[in-house]
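Chemist: Predicted model, plus sequence, below.
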Amino acid sequence: MNILVTAGPTREFMDPVRYLSNRSSGKMGYAVARQALARGHAVRLVSGPVTLPPPTGASVSRVTSAEEMLAATQEGLAWCQVLIMVAAVADWRPASISSSKLKKEGMPSMLPLERTPDILSRLAADKGSRCFVGFAAETDDAERHARAKLAAKQLDLIVMNDVSRADAGFEADTNQVSFFSADGAFQALPLMSKDEVADRIVAWVEAFPHDGL
Ligand code: PMT
């Protein structure tokens, strides 16, 4: 299959030196790309700014902002049968970007923000028979939020991770996730390496009914 994976954070700049972002290291998304390749799939990886080596055999597009990630993901959609959105896309960006470094003396105490595009929601209209997998990074009432995102973003599977744990979610080499699928099935996995989590996700996708494959 052709699998499009997103990974890492996005950065939303306010001036040439400052930005809004998050703690995503790219480890989870890169593990998904590696495991998909290891299981014989073709992989395109859309990556935010991370320091990881590119997975051998993947075609990699490097992006910085949510807007750029949307464009690269939209471009890859026609090619893929499966989209796995692991990226931690910043939900907000500064309402304007200054072309020169803002002086601290002149900085407002409140920063006007605007929403970034919701990539999964924007791609939902062109989903067709593709399989869409999202992640839910949660700290509280995780199951309710994950189920709401599964429905709102028209996903086939959402992978929920509790990012308040030190050994799961952002930056860690391990993760503890649960699968919620659109058909109502639920599966809680134990703590395992991100490579093992990635392998379970790709196996789930392989078992998903794909038109004409
Ligand atoms: O990179 P690591 O350090 O290994 O950390 C892994 C991870 C914690 C980043 C990863 O496991 C994870 O949870 N990724 C999703 C983080 C996230 O943005 O979750 P969310 O609940 O805010 O978003 C839900 C889904 O919508 C995600 O699939 C996200 O990619 C997508 N989204 C979010 C915002 C946005 N503007 N557009 C989107 O498409």
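Modeler: That came through, no problem.
Chemist: The protein against the ligand: which residues are in contact?
Modeler: Taking CB under 6 Å from any ligand atom as the contact definition, the chain meets the ligand at 24-29, 66, 85-89, 91, 116, 118-120, 134-137, 149, 153, 161, 163, 169-171. Placement of C-beta: from N, CA and C, glycine included.
Chemist: Centre of the chain to the one helix or strand Ala71 maps to, how far?
Modeler: Element membership of Ala71, judged by DSSP states H and E, is helix 66-77. A distance of 12 Å separates the centroid of the chain from that of helix 66-77, by CA atoms, centre = their mean, to the nearest Å.
Chemist: Which strands and helices lie in contact with the helix or strand following that helix?
Modeler: Going down the chain from helix 66-77, the next helix or strand is strand 82-85, by DSSP H and E. Secondary-structure packing of strand 82-85 (3 or more CB pairs under 8 Å, 6 or more residues apart in numbering; DSSP states H and E): strand 2-7, helix 27-38, helix 66-77, helix 119-123, strand 131-138, helix 194-207.
Chemist: With mean pLDDT and mean neighbour count as added columns, please give these in CSV.
Modeler: Shown next, in CSV, are the helices and strands packed on strand 82-85 (pLDDT from 0 to 100; neighbours: other CB atoms under 10 Å):
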stretch, mean pLDDT, mean neighbour count
strand 2-7, 98, 28
helix 27-38, 98, 25
helix 66-77, 98, 19
helix 119-123, 97, 19
strand 131-138, 96, 23
helix 194-207, 98, 19
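Chemist: nearest to Ser47, of the ones you listed?
Modeler: Across the helices and strands packed on strand 82-85, Ser47 has its closest neighbour in strand 2-7 (5.1 Å, CB to CB).
Chemist: what are the pairing partners of the closest one, and which direction each?
Modeler: If you go by DSSP bridges, strand 2-7 pairs up with strand 42-47 (parallel), strand 82-85 (parallel).
Chemist: which of those strands is buried the deepest?
Modeler: Sort these by mean neighbour count, taking mean count of other CB atoms under 10 Å, and strand 82-85 sits at the top with a mean of 26.
Chemist: Not counting its own residues, what contacts it?
Modeler: Contact with strand 82-85 is made by 1-6, 29, 32, 36, 73, 77, 119-120, 123, 130-135, 201, 205, 208, as judged by CB atoms under 8 Å, 6 or more residues apart in numbering.
Chemist: Cheers, nothing more for now.
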